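S.K.: no sequence on hand, only this structure:
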């Protein structure tokens, strides 16, 4: 069975158009980290770190944007010609992750929590800084995007030596 993959330039153009369309439609830049913070704020209501004024309730666009990401992935799996199955198969990361499913789940949850904390601390996630802030030529976002990609490159070199 052949897997159909979008051409990178079409995918990049689609992401760029989405960023522009989102800003035009919502009047705000796209980004997931605020939605993540809002979600955590709904769970941990007493933690000041997660309270963000108008965004601390269910009726905000960034929270719905965050919910839409896994929903879009679910719709994609429904349209896939191959049957969907739950798996912790991580490809090349299998060599560095623990071998048990419980161990992998712990690492993935810990990594996701650290990613969310870091995005909140940096004021935005990679989407907010690199895509939206980069498109607006915002100097702090350009610096943050550069740091994200350089640290990812260095981490990959350290983990895999390639």
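M.R.: Thanks, I have it. Predicted model, so just to flag it, every value in this text is computed and none were measured. Numbers count the residues shown, from 1 in each chain.

S.K.: low-confidence regions, this structure specifically.
M.R.: Where the chain drops to pLDDT under 70, the residues are 1-4, 49-60, 88, 162.

S.K.: which residues in it form helices?
M.R.: Secondary structure of the chain by DSSP state H: the helices cover 8-26, 33-43, 61-79, 101-122, 126, 134-135, 139-160.

S.K.: between those, which one is closest to residue 89.
M.R.: Among the helices of the chain, helix 101-122 comes nearest to residue 89, with 9.6 Å by Cβ to Cβ. Backbone N, C-alpha and C define where each C-beta goes, glycine included.

S.K.: spatially central residue for the protein, please.
M.R.: In the chain, the residue lying closest to the centroid (Cα atoms, centre = their mean) is residue 32, at 6.3 Å.

S.K.: can you get me a residue count around residue 41?
M.R.: When neighbours are counted by other Cβ atoms under 10 Å, residue 41 registers 20.

S.K.: against residue 47, how distant is it?
M.R.: 7 Å (Cβ to Cβ, to the nearest Å).

S.K.: still on that earlier bit, how about the helices of the chain in a markdown table, adding distance to residue 92?
M.R.: What follows is the helices of the chain, written out as a markdown table (distance: least, Cβ to Cβ, whole Å):
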| stretch | distance to residue 92 |
| --- | --- |
| helix 8-26 | 20 |
| helix 33-43 | 26 |
| helix 61-79 | 21 |
| helix 101-122 | 14 |
| helix 126 | 20 |
| helix 134-135 | 27 |
| helix 139-160 | 7 |
